[in-house]
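J.: next one to model:
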Amino acid sequence: MQHLKQEKTFVLIKPDGVKKGLIGEVISRFEQRDLKIVALEMFQPTRQMIDDHYPKDMAWIERLGHKTLSTYEKYGLDPKSSLGTDDSKEIGKMVRGWVIDYMTSAPLVRMVVQGVHAVDMVRKIAGPTLPYAADMGTIRGDFSIDSPAIANAEKRAVANILHASETAAEAEHEIKHWFGKAVIHTYKRYGMDE
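T.: The predicted structure follows:
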């Protein structure tokens, strides 16, 4: 069972989280739940770094387009008049481009978080990806109110403070991608890791 206590996940504080001065708050929320920060760095990403982070396969891009079309449908908006198309693949490519623009607009903070069920705990603390749906008490619920309908209308990505790996496999991949051979530290938290 020791390995369950040492599960690692990846977190990326996005441009709006950095610009709102929430780096310390995000870290504090994780540490208050007995999770450890075992790697941490602020950096300015290149377009290539972000492009490599997000999937490029057509199924993922089309799914992104379908999500955008669902938002348009939900709010009675016409994607053709706003985006010039209703093709899910074309819209998915647009949205992916907006995300890359957003993610390269300011420095980011990358970190590896470790602890009991770290992947699930971090996502629970962060709240749902769409800030308007996040409960108060979560990072997104307390500090963001963005909406996909507004973001789409303004041709930009949804500002949602942070990214957190969805699965252990995704965490492993993202830690390798973002930290490579960098040292992931080991230490005992005072009074917690005995």
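
J.: how does this protein divide into domains?
T.: 1-44+107-145+159-185, 51-105 (automatic domain parsing).

J.: leaving out sequence neighbours, find the closest residue to Ile61.
T.: Gly92 (3.8 Å; Cβ to Cβ, 6 or more residues apart in numbering). (Glycine included, C-beta is placed from N, CA and C.)

J.: which ones are touching the one you found?
T.: Contacts for Gly92 (Cβ atoms under 8 Å, 6 or more residues apart in numbering) come out as 60-66, 68.

J.: for it, which three-state class applies?
T.: helix (DSSP: H, G, I helix; E, B strand; the rest coil).

J.: start the count at 898 instead of 1 going forward.
T.: With 898 as the first residue, the last one maps to Gly989.

J.: state the distance from it to Asn1049.
T.: 12 Å (Cβ to Cβ, to the nearest Å).

J.: mind listing the shared neighbours of the two?
T.: Thr965.

J.: on that earlier part again, pLDDT value on the residue nearest to Ile958, please?
T.: Note on Gly989: pLDDT of 96.

J.: not counting its neighbours along the chain, what's nearest Thr982?
T.: Thr982 sits nearest to Ile988 (Cβ to Cβ, 6+ apart), 6.4 Å away.

J.: ugh, typo on my part, it should be Met939
T.: Closest to Met939 by Cβ to Cβ, 6+ apart is Val1006, at 4.9 Å.

J.: do a quick rundown of the strands in the protein.
T.: Assigned by DSSP state E, the chain shows strands spanning 904-910, 933-940, 1005-1012, 1059-1061.

J.: distance to Ile1042, mean neighbour count and mean pLDDT for the ones you listed - can I get that in CSV?
T.: Formatted as CSV, the strands of the chain follow (distance: least, Cβ to Cβ, whole Å; neighbours: other Cβ atoms under 10 Å; pLDDT from 0 to 100):
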stretch, distance to Ile1042, mean neighbour count, mean pLDDT
strand 904-910, 18, 23, 97
strand 933-940, 25, 16, 97
strand 1005-1012, 21, 23, 98
strand 1059-1061, 15, 24, 98
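
J.: picking that back up, nearest to Tyr1087 among the contacts of Gly989?
T.: Trp957 (42.0 Å; Cβ to Cβ).

J.: and the closest one, how close does it get to Arg993?
T.: Distance from Trp957 to Arg993, by Cβ to Cβ: 9 Å.

J.: neighbour count: the two, which is higher?
T.: For Trp957 and Arg993, the more surrounded residue by other Cβ atoms under 10 Å is Arg993, and the numbers stand at 20 against 13.

J.: do you know how far that one is from His950?
T.: 11 Å.

J.: try Ser1044
T.: In terms of Cβ to Cβ, Ser1044 sits 23 Å off from His950.

J.: what is the least confident helix or strand in this protein?
T.: Least confident helix or strand of the chain, by mean pLDDT, DSSP states H and E, is helix 899-902 with a mean of 71.
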